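Engineer: Next come a sequence and a model predicted from it.
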Amino acid sequence: MTDNKNEPISAHEAVYFIFGATGDLARRKLFPALYSLYREGKLGERFAIVGLARRPRTNDQFRDDVHESIQEFCRYKPSEKEAWNAFVEHFTYQSLDIGNVEAFKQLKAHTEEIEKSYDIPGNRLFYLALAPELFGNVSRNLRDGGMLESKGWHRLVIEKPFGYDYPSAERLNEEIRQVFREEAVFRIDHYLGKEMVQNIEVIRLSNAFFEPLWNNNHIANVQITLAETVGVEERGAYYNKSGALRDMVQNHMLQMLTMIAMEPPSRLDAEDIRDEKVKVLRSVRNLSSLDEIGENIVRGQYSEGSSRGKELKGYRQEDSVDPNSVTETFFAARLFVDNFRWAGVPFYVRTGKRLPVKSTEIVIEFKNVPNNVLFAKRQNLSPNLLVIRVNPMEGIYIRFNAKKPGNDMTVQPVAMEFCQSCQVGLNTPEAYERLIFDAARGDHTYFTRWDELAVAWKLIDPIAAAWRENEGKDLQFYPAGSWGPEKSEDLLTREGFHWWPVNGQDEDNVIWVSNTSK
Ligand code: BG6
């Protein structure tokens with residue numbers, strides 16, 4: 001079968017097959033990621049990349065496409081001619097009908113030639129930048145076409161959506177598993193490749209002033225916001241079926257929540273970490289009845305609006321969107337993780353398209369000091385916050401109380417920020433770079449395991465079912481460019497909380513100390 005564990009694990013010495021090589025993902029993310037890895041010496045010299053798609057293309061045309069993609073999207077620009085040629089000669093292109101096993105046999109012959117010329121010991125990584133309906137077919141044809149017979153390892157890298165609900169995800173998984181063992185499958189959630197999502201573990205577990213407080217004795221609530229300014233762009237047909245629930249919550253939002261809430265693993269190895277993440281997902285309280293959902297979830301859809309002086313269409317006016325669509329472009333929820341560490345702590349999550357800013361942030365709000373003593377007796381103290389900035393700014397800040405300079409004992413909030421992206425500049429590796437590198441090294445830590453995915457779907461399915469049942473009666477409209485339906489505030493005000501402003505904006509009373517010029 002696959003993934004021969006006795007073979008040395010190496011990021012080098014492999015052939016990378018990019019299925020869907022003429023598509024958007026390859027152009028925007030995969031070629032740039034491969035180039036950055038190459039520039040940083042992480043691919044070595046004994047590697048080859050085979051682009052595959054139905055469209056006929058010569059090697060030269062393909063190499064030109066790769067050049068354009070890197071010029072436009074990569075954090076490194078193409079190097080001088082000679083160095084560039086040395087890189088791009090690793091790329092070849094094969095037009096492939098993925099339904100035809102004979103084509104895979106030809107691919108095998110082509111691959112063996114390449115492996116010989118680069119002295120690659122048969123390690124093969126198959127990146128399927130394709131629609132998930134094709135995963136099963138491609139896997140079978142890889143096997144039947146003899147592509148999995150070489151001596152080295154064989155790994156399959158796939159992208160969401162992994163199904164539409166639990167039953168379809170299970171079917172998809174079964175198809176893949178007939179060919180690839182779980183250990184050979186790398187399911188990408190690109191949020192797990194983000195620097196600051198990976199940093200959550202370090203911030204939590206390596207700091208004496210956070211680790212002991214990381215529980216319901218000290219944390220009042222957690223807020224996770226993933227705000228986007230874009231609408232559905234040209235993805236109306238896909239999005240109208242998926243909505244924010246399947247597009248963002250089932251994967252990115254739940255992944256961030258598990259990274260915050262998981263127990264420290266006993267070892268920092270992939271399986272121990274993923275075991276802990278599954279336990280969190282199993283502890284998330286299931287919301288299934290219409291009443292529970294009405295009380296804890298807000299779904300919204302953007303209507304016409306404006307942002308920065310630009311008029312914006314409503315979702316129903318977007319291309320390929322049904323004009324009566326009840327698909328949600330905004331989702332907010334109050335979730336609970338019912339275990340000893342987190343009992344009683346609300347996790348508020350929200351995500352939406354056409355919001356005022358592009359920003360992903362996680363706010364940990366700490367409980368107040370007793371309000372009948374010392375300073376709290378005299379004034380309203382602000383809670384302490386730890387804010388993890390995930391995207392596009394990367395960094396953290398903490399907000400605490402200090403004395404306002406002067407003679408009276410006035411207390412004032414102060415924020416101290418470490419802006420990571422400002423430090424390292426634009427050169428922090430992109431999520432796809434880390435993930436491709438990890439897959440090539442055989443490190444599963446930041447990939448979604450099947451049982452994780454299964455539990456996530458089981459949380460999502462009852463919500464989708466209840467929404468189907470009420471036919472969009474609870475859908476709230478919000479003007480494009482706003483922060484979503486007002487009802488999403490009510491989720492928090494009930495408990496005396498509010499959404500903290502993203503980017504710390506609008507907070508005039510806070511004094512900032514930062515390594516940026518804020
Ligand atoms: C993708 C979603 O998974 O994540 C998109 O399909 C969304 O709808 C994107 O725009 C957001 O990713 P990022 O990294 O830009 O926050």
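Structural biologist: Arrived safely. Keep in mind that what you see is a predicted model, and the values were worked out from it rather than measured.

Engineer: Going by C-alpha atoms from here, please, whenever you check contacts or count neighbours.
Structural biologist: Fine.

Engineer: Spit out the contact partners of the residue nearest to residue 470 when sequence neighbours are not counted.
Structural biologist: Leaving aside its sequence neighbours, residue 470 sits nearest to residue 290 (C-alpha to C-alpha, 6 or more residues apart in numbering; 8.0 Å). Residue 290 is in contact with 466-467, 470, counting by C-alpha atoms under 8 Å, 6 or more residues apart in numbering.

Engineer: could you flag which of those are buried?
Structural biologist: Buried members of those, counted by 16 or more other C-alpha atoms under 10 Å: 466-467.

Engineer: least confident pick among the contacts of residue 290?
Structural biologist: Across those, the smallest pLDDT goes to residue 470, namely 88.

Engineer: And that residue, how close does it get to residue 403?
Structural biologist: Using C-alpha to C-alpha, to the nearest Å, residue 470 is found at 52 Å from residue 403.

Engineer: Likewise for residue 252?
Structural biologist: Using C-alpha to C-alpha, residue 252 is found at 39 Å from residue 403.

Engineer: strand partners of the helix or strand that residue 397 is a member of, parallel vs antiparallel please.
Structural biologist: Using DSSP states H and E, residue 397 sits within strand 395-403. Strand pairing for strand 395-403, determined by DSSP bridges: strand 385-391 (antiparallel), strand 411-419 (antiparallel).

Engineer: Just name the most buried of those strands.
Structural biologist: Counting by mean count of other C-alpha atoms under 10 Å, strand 385-391 has the highest mean neighbour count of those, with a mean of 23.

Engineer: Buried residues, stretch 390-404. List them.
Structural biologist: Counting neighbours by 16+ other C-alpha under 10 Å, stretch 390-404 gives 390-391, 393-401 as buried.

Engineer: Any regions of the stretch 1-150 of the chain where pLDDT drops low?
Structural biologist: 1-12 (pLDDT under 70).

Engineer: mind listing the strands for it?
Structural biologist: Assigned by DSSP state E, counting those that start in this stretch, the strands in the stretch 1-150 of the chain fall at 14-19, 47-53, 91-95, 124-128.

Engineer: and the third one, what does it pack onto?
Structural biologist: Right, the one you point to is strand 91-95. strand 47-53, helix 59-73 (3 or more C-alpha pairs under 8 Å, 6 or more residues apart in numbering; DSSP states H and E).

Engineer: quick revisit: who touches the strand holding residue 397?
Structural biologist: Against strand 395-403 from outside (C-alpha under 8 Å, 6+ apart): 196, 381-389, 409-421.

Engineer: and residue 157, what helix or strand is that in?
Structural biologist: Using DSSP H and E, residue 157 falls in strand 154-159.

Engineer: Just want the angle from that strand to strand 124-128.
Structural biologist: Put simply, strand 154-159 runs at 20 degrees to strand 124-128, going by axes from the mean of the first three to the mean of the last three C-alpha atoms, to 10 degrees.

Engineer: and strand 154-159, what other elements does it pack with?
Structural biologist: strand 124-128, strand 185-188.

Engineer: JSON lines please, covering those and showing distance to residue 299 and mean neighbour count.
Structural biologist: Below are the helices and strands packed on strand 154-159 laid out as JSON lines (distance: least, C-alpha to C-alpha, whole Å; neighbours: other C-alpha atoms under 10 Å):
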{"stretch": "strand 124-128", "distance to residue 299": "32", "mean neighbour count": "23"}
{"stretch": "strand 185-188", "distance to residue 299": "26", "mean neighbour count": "26"}
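
Engineer: Could you work out which of the ones you listed reaches nearest to residue 244?
Structural biologist: Of all the helices and strands packed on strand 154-159, it is strand 185-188 that lies closest to residue 244, at 17.9 Å by C-alpha to C-alpha.

Engineer: Can you name the element that comes right after the closest one?
Structural biologist: With DSSP H and E, the next secondary element past strand 185-188 is helix 195-205.

Engineer: The helix or strand that that next one is followed by: partners in the sheet, and parallel or antiparallel?
Structural biologist: Using DSSP H and E, the helix or strand that follows helix 195-205 towards the C-terminus is strand 219-227. Paired strands of strand 219-227, with direction, are strand 346-352 (parallel), strand 359-366 (antiparallel) (DSSP bridges).

Engineer: For the protein, which residues score under the pLDDT cut-off?
Structural biologist: Residues of the chain that meet the cut-off, pLDDT under 70, sit at 1-12, 424-427, 504-506, 516-518.

Engineer: Go ahead and flag the most central residue of it.
Structural biologist: The chain has residue 191 as the residue nearest its centroid, 2.1 Å off, counting by C-alpha atoms, centre = their mean.

Engineer: Now do the contacts for the nearest residue to that one once chain neighbours are set aside.
Structural biologist: Distances taken as C-alpha to C-alpha, 6+ apart place residue 252 nearest to residue 191, at 5.8 Å, with adjacent residues excluded. Residues near residue 252 by C-alpha under 8 Å, 6+ apart: 189-192.

Engineer: rerun that using 10 Å as the cut-off
Structural biologist: 189-192, 226, 246, 351 (C-alpha atoms under 10 Å, 6 or more residues apart in numbering).

Engineer: Let's have these in a markdown table, adding distance to residue 144.
Structural biologist: Shown next, in a markdown table, are the contacts of residue 252 (distance: C-alpha to C-alpha, whole Å):
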| residue | distance to residue 144 |
| --- | --- |
| 189 | 29 |
| 190 | 30 |
| 191 | 34 |
| 192 | 33 |
| 226 | 42 |
| 246 | 33 |
| 351 | 42 |
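
Engineer: List just the nearest of these to residue 433.
Structural biologist: residue 190 (10.1 Å).

Engineer: check contacts around that closest one.
Structural biologist: 159-160, 251-252, 430-432, 434-435, 446-447.

Engineer: Narrow those residues to those in strands?
Structural biologist: The strands, defined by DSSP state E, take in residue 159 from the contacts of residue 190.

Engineer: which among the contacts of residue 190 gets closest to residue 242?
Structural biologist: Residue 242 lies nearest to residue 160 out of those, by C-alpha to C-alpha, at 11.3 Å.

Engineer: my guess is the closest one meets residue 131, correct?
Structural biologist: Yes - using C-alpha atoms under 10 Å, residue 160 is in contact with residue 131, at 8.8 Å.

Engineer: could you list every residue that touches the nearest residue to residue 398 once chain neighbours are set aside?
Structural biologist: Take residue 398 and drop its neighbours on the chain: the residue closest to it by C-alpha to C-alpha, 6+ apart is residue 386, 4.5 Å away. By C-alpha under 10 Å, 6+ apart, the contact list for residue 386 reads 210, 222, 362-366, 396-400, 415-417.

Engineer: right, and the helix or strand after the host helix or strand of residue 302?
Structural biologist: Using DSSP H and E, residue 302 maps to strand 297-303. Later in the chain than strand 297-303, the nearest helix or strand by DSSP H and E is strand 305-307.

Engineer: Check which helices and strands that next one sits against.
Structural biologist: strand 310-312, strand 476-479 (3 or more C-alpha pairs under 10 Å, 6 or more residues apart in numbering; DSSP states H and E).

Engineer: ok, 6 Å please
Structural biologist: Of the remaining helices and strands, none touches strand 305-307 by 3 or more C-alpha pairs under 6 Å, 6 or more residues apart in numbering; DSSP states H and E.

Engineer: which residues are in contact with that strand?
Structural biologist: Strand 305-307 is touched from outside by 312, 479-481, with contacts defined as C-alpha atoms under 6 Å, 6 or more residues apart in numbering.

Engineer: one step back: compute the inter-axis angle for the strand holding residue 302 and strand 346-352.
Structural biologist: Here strand 297-303 runs at an angle of 20 degrees relative to strand 346-352 (the same axes, to 10 degrees).

Engineer: neighbouring contacts of strand 297-303?
Structural biologist: Taking C-alpha under 6 Å, 6+ apart as the rule, strand 297-303 contacts 314-315, 328-333, 475-480, 488.

Engineer: Try it again at 7 Å.
Structural biologist: Here strand 297-303 makes contact (C-alpha atoms under 7 Å, 6 or more residues apart in numbering) with 313-315, 328-334, 354, 475-480, 484-485, 487-488.
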